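[1] what follows is a predicted structure for the sequence shown.
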Amino acid sequence: MGFLDFILFPVYVALFYFIFSARRKNYTDPVLKYYHKQGFWIKIVAVLAFTFFNTVLSVGDSFLLFYTEGANICRMILQDSSQLKWLYLPSVEFDQALLKNPANTGYLLSENNYMVIRITAVLSFFALQKYLILNLFFSMISFSGIWRLYRFFYEQYPHLHKQLAIAILYLPTFVFWSSGILKDPLCTGAIGWITYALYEIFYKKKNLISNVLIIFIFGYLLFVIKVYILISYVPFLLLFLILKNVNLVKSRILRISFVLGLIVLTITMFTTVMQELSGTLGAYGGTDVTKNISIYQKAYAEQESAGSNFSLGVEYDGSIPSLLKIAPAAIIATLYRPFIWESKKISTLLSSFESMGIMFFTLLVLYKVGPRNFIRAILKNPAILYCLLFSLLFALFVGATTANFGTLVRYKIQCMPFYIIALFLIQDRYKQKSSPVIGGAV
């Protein structure tokens, strides 16, 4: 990264500001205008922080793999147009002799890694192959989807605009790890776009063609990069959209039966697809999912760089009963770890403060609401049910298969906004029930 990056950065920021501000002029709600503008500038600051971290403090895959090889493909195409084939050929056909860094041998054989490199190569034509500018592009892709996720929840709970901003626009690790050349910005952006598109199709019943196209594009992106997110998220989002209309059924028994049946069906479909896509899912899938988790736990334990490694403290032998035993520890690890005394790096230390805050907030909500009302809120509110089902299932698989804090803090960001939103909704429901004044709908 050179001096020219910082010269060009304000120019590209101004360009994106113009694009987003033009979009913002269509909003009539001053609240949306306020948070859209604020969210944009938060992402700009995050890009600078992410770039500094990945070039000075901890140089990793973002710079050494994705940027290095993506920019390299761009340069090859500029020198010889026949090299355009590397933008559409399968990853396994890429000539390893063309790698810029021989240390990356083998990484481009994986389609999920190659997709990020492919996107980086395309964006490099517009970003002049500058790392800082490419981070800005990835951050803006993420922000475009994150903003739609904010709108999705805001349109249903406008009185919780501050709480939703905390969970989606302000959450430090979520903002930071979605602000540069990585898989995570693409995935966070895709989740937001898919969420709002499905919401418009099934609930608002508008823009059918454009929303189907959006779902296809970003669904394919998730399928290639991190298919386990697609599988674990979409069924519960669809569950929520269906449950929004369950109140039309007058029979309480029929309503409850429908909800329980749909939950069982969703979980069954999730398990079936996980098994069928064993080759694509990598660590998160397999003919025997529980066996895969056991293998990856042992692999992490055998790594010499054990400074950031951790143990769930539960013996796991690959059996279903053992998986049930490991579930609480895995979920706790994803949602609340690393603890402060477990952090040995700056990145994990900052994450540990956030995790501690989330843990205290969970205990506070549970204490104020009470266990009975806590569970009742989950069962009666489709939004809470959808957010918790996704975040807990996702936390289970991430926590069970990841035994390194440096990796964990990045992988878990996909579910954290949903978990925090669920807590805010439970808290809000309790306040609404306790107050004699009728507030916003829940």
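    Structure's in. What do you need? Small disclaimer: the values here were computed from a predicted structure and weren't measured.
[2] residues of the longest helix along the chain that come out buried?
    Taking DSSP state H as the criterion, the chain has its longest helix at helix 208-243. Applying a neighbour-count criterion of 16 or more other C-beta atoms under 10 Å, one finds 211, 214-215, 218-219, 221-237, 239-243 buried in helix 208-243. Every residue, glycine included, has its C-beta placed from N, CA and C.
[3] hey, C-alpha coordinates of stretch 391-399 in CSV?
    Once non-C-alpha atoms are left out, stretch 391-399 reads as follows in CSV (Å, rounded to 0.1, in the frame of the first residue of the first chain):
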residue,chain,number,x,y,z
SER,A,391,-28.2,-17.1,15.9
LEU,A,392,-28.2,-20.1,18.3
LEU,A,393,-27.9,-22.8,15.5
PHE,A,394,-25.2,-20.7,13.8
ALA,A,395,-23.4,-20.2,17.1
LEU,A,396,-23.5,-24.0,17.7
PHE,A,397,-21.7,-24.9,14.4
VAL,A,398,-19.3,-22.0,14.6
GLY,A,399,-18.4,-22.6,18.2
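[4] outside of that stretch itself, list whatever touches it.
    228-229, 232-233, 236, 270, 284, 293, 312, 327, 329-335, 408, 411-412, 414-416, 418-419, 422 (C-beta atoms under 8 Å, 6 or more residues apart in numbering).
[5] which among those residues count as buried?
    228-229, 232-233, 236, 270, 284, 293, 312, 327, 329-331, 333-335, 408, 411-412, 414-416, 418-419, 422.
[6] now, which of those residues lie within helices?
    Those of the buried ones among the contacts of stretch 391-399 lying in helices (DSSP H): 228-229, 232-233, 236, 270, 293, 327, 329-331, 333-335, 408, 411, 416, 418-419, 422.
[7] strands along the stretch 51-200 of the chain, start to end?
    Ranges of strands within the stretch 51-200 of the chain: none, based on DSSP state E, counting those that start in this stretch.
[8] shaky segments in it?
    Along the stretch 51-200 of the chain, the model assigns pLDDT under 70 to no residue.
[9] now the helices for it?
    61, 68-79, 111-127, 131-154, 161-168, 172-176, 183-199 (DSSP state H, counting those that start in this stretch).
[10] mind putting these into a markdown table with mean neighbour count?
    Below are the helices of the stretch 51-200 of the chain laid out as a markdown table (neighbours: other C-beta atoms under 10 Å):
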| stretch | mean neighbour count |
| --- | --- |
| helix 61 | 18 |
| helix 68-79 | 19 |
| helix 111-127 | 20 |
| helix 131-154 | 24 |
| helix 161-168 | 20 |
| helix 172-176 | 21 |
| helix 183-199 | 24 |
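[11] ok, residue 424 - contacts?
    Counting by C-beta under 8 Å, 6+ apart, residue 424 makes contact with 160, 163-164, 166-167.
[12] typo on my end, residue 106
    Contacts of residue 106 (C-beta under 8 Å, 6+ apart): residue 96.
[13] that one and residue 71: what is the separation?
    Noted for residue 106: a distance of 19 Å to residue 71, by C-beta to C-beta, to the nearest Å.
[14] and for residue 105?
    On the measure of C-beta to C-beta, residue 105 and residue 71 end up 18 Å apart.
[15] and what of residue 176?
    For residue 176 relative to residue 71 (C-beta to C-beta), the value is 22 Å.
[16] got it, and residue 153?
    37 Å.
[17] burial check on residue 4, number of neighbours?
    Applying other C-beta atoms under 10 Å, we find 12 residues neighbouring residue 4.
[18] same check on the one 3 residues further on?
    Taking other C-beta under 10 Å as the criterion, the count of residues near residue 7 is 10.
[19] now do the phi/psi pair for it.
    Main-chain dihedrals, residue 7, degrees, to the nearest 10: phi -70, psi -40.
[20] check what pLDDT it gets.
    With respect to pLDDT, residue 7 scores 92.
[21] distance-wise, check residue 73 relative to residue 121.
    Residue 73 is 4 Å from residue 121, by C-beta to C-beta.
[22] which residues do those two both contact?
    86-87.
[23] excluding chain neighbours, what is closest to residue 98?
    residue 76 (6.8 Å; C-beta to C-beta, 6 or more residues apart in numbering).
[24] contact partners for that neighbour?
    83, 86, 98.
[25] most surrounded residue in these?
    residue 86 (23 neighbours).
[26] can I see the domain layout of this structure?
    1-181, 288-442 (automatic domain parsing).
[27] residue 175 is in contact with residue 43, isn't it?
    Yes: using C-beta atoms under 8 Å, residue 175 is in contact with residue 43, at 6.8 Å.
[28] what does residue 181 show for phi and psi?
    The phi/psi pair for residue 181 (degrees, to the nearest 10) is phi -70, psi 90.
[29] tally of neighbours for the nearest residue to residue 105 once chain neighbours are set aside?
    Leaving aside its sequence neighbours, residue 105 sits nearest to residue 96 (C-beta to C-beta, 6+ apart; 5.5 Å). Using other C-beta under 10 Å, the number of residues around residue 96 comes to 12.
[30] now the closest residue to residue 83 other than its chain neighbours: how far from residue 13?
    Leaving aside its sequence neighbours, residue 83 sits nearest to residue 76 (C-beta to C-beta, 6+ apart; 4.2 Å). As judged by C-beta to C-beta, residue 76 and residue 13 stand 29 Å apart.
[31] also residue 396?
    39 Å.
[32] tell me which of these two has more neighbours.
    More crowded of residue 396 and residue 13, by other C-beta under 10 Å: residue 396, with 21 against 17.
[33] for that one, phi and psi?
    phi -60, psi -50.
[34] separation between it and residue 402?
    Residue 396 is 11 Å from residue 402, by C-beta to C-beta.
[35] same question for residue 425.
    Distance from residue 425 to residue 402, by C-beta to C-beta: 27 Å.
[36] now swap in residue 97 and tell me
    Taken as C-beta to C-beta, the span from residue 97 to residue 402 is 33 Å.
[37] and what of residue 26?
    41 Å.
[38] next one: residue 86
    31 Å.
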